[in-house]
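Asker: Coordinates for the following, if possible.
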Amino acid sequence: MKIGLLIIDLQEVHVSEVEQKEIDRACEYINYVAGLLRAKGHPVIHIQDIEGMQPEEEGKFAIIPGVEIHETDLNVKKEYSNAFWKTDLEKLVREQGIDLLVLSGYAAEHCVLFTYNGAAERGIKAVLLQNGILSSHQDVITAAYRDRNLISHPVIKALVQ
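Answerer: Sure, this is the predicted structure:
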């Protein structure tokens, strides 16, 4: 089984309203899972929301320093909440032969959820990374875990062994 990890919108411009300890905790889980997957040849894909970005603001739209980026990682830039909408993400997922897409990042109630639904609409199996999604509203994360498919890092580790 080929697993892909999406790291969605972990950019300074987006996570500024989230407590730093929550960001650090999510990054720890995301980086751990990304490392597991990279070590076994599974793709890690960074999604960057560039909607409304002006040239002088490019630094604010960069991926936050807490997220480890490797040269083998892939990158998709988007302008809509659903990372599949008007991007090459679906083509990339299919070219990579990804069977299961693990979603992480910001914002649980917007871009993560809309991308999760976008995957389902395209027949792509998707799950949320437990402790790997963020929101400025804690109750949204609880609802996402309750209402969507979820995967933990020990299960991912077992799947890639």
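
Asker: Now do the buried residues in the strand ranked longest in the chain.
Answerer: Taking DSSP state E as the criterion, the chain has its longest strand at strand 125-134. Judged by neighbour count using 16 or more other CB atoms under 10 Å, the buried positions of strand 125-134 are 126, 127, 128, 129, 130, 131, 132, 133, 134. Where C-beta positions appear, they are placed from N, C-alpha and C, glycine not excepted.

Asker: mind giving me JSON lines with those and columns for pLDDT and distance to residue 112?
Answerer: Output for those, formatted as JSON lines (pLDDT from 0 to 100; distance: CB to CB, whole Å):
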{"residue": "126", "pLDDT": "98", "distance to residue 112": "10"}
{"residue": "127", "pLDDT": "98", "distance to residue 112": "11"}
{"residue": "128", "pLDDT": "98", "distance to residue 112": "7"}
{"residue": "129", "pLDDT": "98", "distance to residue 112": "10"}
{"residue": "130", "pLDDT": "98", "distance to residue 112": "13"}
{"residue": "131", "pLDDT": "98", "distance to residue 112": "13"}
{"residue": "132", "pLDDT": "98", "distance to residue 112": "9"}
{"residue": "133", "pLDDT": "98", "distance to residue 112": "5"}
{"residue": "134", "pLDDT": "97", "distance to residue 112": "8"}
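
Asker: Run through the helices of this protein in chain order.
Answerer: Ranges of helices in the chain, per DSSP state H, are 12-15, 20-39, 89-95, 113-121, 138-147, 153-160.

Asker: and residue 54, which of those helices is closest to it?
Answerer: helix 12-15 (11.1 Å; CB to CB).

Asker: buried residues in the lowest-mean-pLDDT helix or strand in the chain?
Answerer: The weakest-scoring helix or strand in the chain, judged by mean pLDDT, DSSP states H and E, is helix 12-15 (a mean of 92). Judged by neighbour count using 16+ other CB under 10 Å, the buried positions of helix 12-15 are 13, 14, 15.

Asker: That's all I had, so thanks and see you.
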